[in-house]
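Chemist: Sharing a sequence plus its predicted fold:
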Amino acid sequence: MEPAANNLPVIQEDLDLALLTARDLMSTPIRSIDPATTIAEAQQILLRYGHSGLPIVSRSNVLVGIISRRDVEIAAHHGFAFAPVAGLMTTTVKIIASGSRWQLGGDCHSYRCVERIASP
């Protein structure tokens, strides 16, 4: 550890992101919700399991979107707790295999599924 400017210790982790796979970053088991799930129900699931977002899957088991904890919290705060997540979900979702390697650069910062790693 090295002292920081404010005298708090800085912990340096020897983490090579190039060696990480999607499997290393994902939560299991995967919890998904239906498009008709309300914002309030989604909020309870996110809080209970500590996830930063939830995939939204149709009745035919097709991924149709994703919703982040931040979007859910904002919607609930503005009185939309009983609205279905279908109206607020992001539908442009990128799907990667669990064995895919982490890549720096490009548009990786826009992947909502890794929001938790970027958040302090």
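Modeler: On my side now, so go ahead.

Chemist: list the contacts for residue 85?
Modeler: 33, 35, 36, 37, 38, 39, 42, 54, 56, 65, 67, 72 (C-beta atoms under 8 Å, 6 or more residues apart in numbering). No exception for glycine: its C-beta is placed from N, CA and C like everyone else's.

Chemist: Closest to residue 25 out of these?
Modeler: For the contacts of residue 85, the closest approach to residue 25 (C-beta to C-beta) belongs to residue 54, at 15.7 Å.

Chemist: Just give me the neighbour total for that closest one.
Modeler: 23 (other C-beta atoms under 10 Å).

Chemist: Moving C-terminal from the one helix or strand it maps to, which element do we reach first?
Modeler: If you go by DSSP states H and E, residue 54 is part of strand 53-57. Per DSSP H and E, strand 53-57 leads on to strand 63-68 as the next helix or strand towards the C-terminus.

Chemist: how about the strands of this protein, start to end?
Modeler: 2-3, 9-10, 53-57, 63-68 (DSSP state E).

Chemist: Contacts for the last one, please.
Modeler: Taking C-beta under 8 Å, 6+ apart as the criterion, the residues outside strand 63-68 that touch it are 33, 35, 42, 52-58, 85-86, 88-91, 93, 95, 112-113, 115.

Chemist: Just give me the closest of the contacts of residue 85 to residue 81.
Modeler: Of the contacts of residue 85, the one sitting nearest to residue 81 (C-beta to C-beta) turns out to be residue 39, at 5.1 Å.

Chemist: So what's the residue count around the closest one?
Modeler: The local packing of residue 39 (other C-beta under 10 Å) involves 24 other residues.

Chemist: Can you pull out the low-pLDDT segments for the chain?
Modeler: 1-18, 102-120 (pLDDT under 70).
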